[in-house]
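Chemist: Structure of the sequence below:
(one chain, ligands or ions: 1)
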Amino acid sequence: MADAGGITKTWIKKHVILYTGATRHPFTVRIRDGSIDPSAFKRWLAQDYVFVREFVPFMASVLIKASKQSPEDMEVVLGGLASLSGEIDWFKREASKRDVSLANLTVHNATRNYCRLLEKLTLPEVEYAVAITAFWAIEAVYQESFAHCLEDGNNTPPELVEACQRWGSPGFREYCRSLQQIANRCLEKAPEHVVAAAETTFITILEHEIEFWNVSSGGT
Ligand SMILES: Cc1ncc(CN)c(N)n1
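Modeler: Numbers count the residues shown, from 1 in each chain. All right, here's what the predicted structure looks like:
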């Protein structure tokens, strides 16, 4: 991915095992290979719907913090927030197409724990540099994971291509680059303890993403 470089790029290299675990997880690699079990995709769809609904208030909290930093930052975050309304509709349509009920869902532990992390990161006392780094990391994992399902040599089932394009498209890649540039700029100006907190959050998000994919693959 032609990324924005900077401090975040050094973290991707430093934590390459975790980053690869999150962005080349067997769940999405099986989508790319065309060997995904339909029940696994349905499990992911339901759990990700729960996640995306919790992601909305987190993104709103980043928007508020961004609006205090710069108009440009606010517009990038607003763009992401604006697409979430359509995203929730997309989940509902996909779920009904596949007979997945989104009512009284079983929320797996990995999903619940990830949502708890989002709630913590939503708090006003969380520094903007930490929040925007978390936001970038969350989006970048999906961008890299699903772009891989669309790259040359893929055998992604036609009925899953639209899902992959949602996060694997060039537009989403550009959006992630913008978030990464904002995060890098904030981290360059941030005091050391904030940079350390942002790196810890980056690692924690990768761990949660891996646990989240594990659930969809039939894990705990
Ligand atoms: C678990 C998870 N991580 C990231 C994304 C992309 N917003 C998502 N939809 N779900």
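Chemist: was I right about Arg24 contacting His148?
Modeler: Yes - at 6.8 Å, Arg24 and His148 qualify as touching, with contact defined as Cβ atoms under 8 Å. Every C-beta, even on glycine, is put in place using the N, C-alpha and C of the backbone.
Chemist: more neighbours, those two?
Modeler: His148 (19 against 13; other Cβ atoms under 10 Å).
Chemist: my read: the more buried one touches Thr23, true?
Modeler: Yes - using Cβ under 8 Å, His148 is in contact with Thr23, at 7.3 Å.
Chemist: Quick check: residues of the protein near the ligand?
Modeler: Within the chain, the positions lying close to the ligand (Cβ under 6 Å from any ligand atom) are 48, 51-52, 55, 138-139, 141-142, 209, 212.
Chemist: measure the residue nearest to Glu144 when sequence neighbours are not counted to the ligand for me?
Modeler: Residue nearest to Glu144 in three dimensions, not counting chain neighbours: Thr23, with 3.9 Å by Cβ to Cβ, 6 or more residues apart in numbering. From Thr23 over to the ligand the distance is 11 Å, taken as Cβ to the nearest ligand atom, to the nearest Å.
Chemist: can you check Ile210 too?
Modeler: 10 Å.
Chemist: And for that residue, the neighbour number?
Modeler: Count around Ile210 with other Cβ under 10 Å applied: 20.
Chemist: try the one 3 residues further on
Modeler: By the other Cβ under 10 Å criterion, the neighbourhood of Trp213 contains 24 residues.
Chemist: thought it was touching Ala22?
Modeler: Yes - counting by Cβ under 8 Å, Trp213 does reach Ala22; the two are 7.4 Å apart.
Chemist: Skip the chain neighbours and tell me the closest residue to the residue in the chain positioned nearest to the ligand.
Modeler: Residue of the chain nearest the ligand, by Cβ to the nearest ligand atom: Tyr142 (3.9 Å). Distances taken as Cβ to Cβ, 6+ apart put Trp167 closest to Tyr142, at 4.1 Å, once the chain neighbours are dropped.
Chemist: same check, this time on Ile138
Modeler: Ile205 (5.9 Å).
Chemist: Please apply the same query to Leu118.
Modeler: Phe58 (4.4 Å).
Chemist: Summarise which helices and strands the helix or strand containing the one you found is packed against.
Modeler: Using DSSP states H and E, Phe58 sits within helix 38-67. Here helix 38-67 touches helix 26-33, helix 71-97, helix 109-122, helix 128-148, helix 192-216, going by 3 or more Cβ pairs under 8 Å, 6 or more residues apart in numbering; DSSP states H and E.
Chemist: Kindly recompute the last result at 6 Å.
Modeler: helix 71-97, helix 109-122, helix 128-148, helix 192-216 (3 or more Cβ pairs under 6 Å, 6 or more residues apart in numbering; DSSP states H and E).
Chemist: Quick one: mean pLDDT for that helix?
Modeler: In this model, helix 38-67 has an average pLDDT of 97.
Chemist: Show me which residues of it are buried.
Modeler: 40-51, 54-55, 58-59, 61-63, 65-66 (16 or more other Cβ atoms under 10 Å).
Chemist: tally of neighbours for the residue of the chain closest to the ligand?
Modeler: Neighbours of Tyr142 (other Cβ under 10 Å): 20.
Chemist: This completes my enquiry, with thanks.
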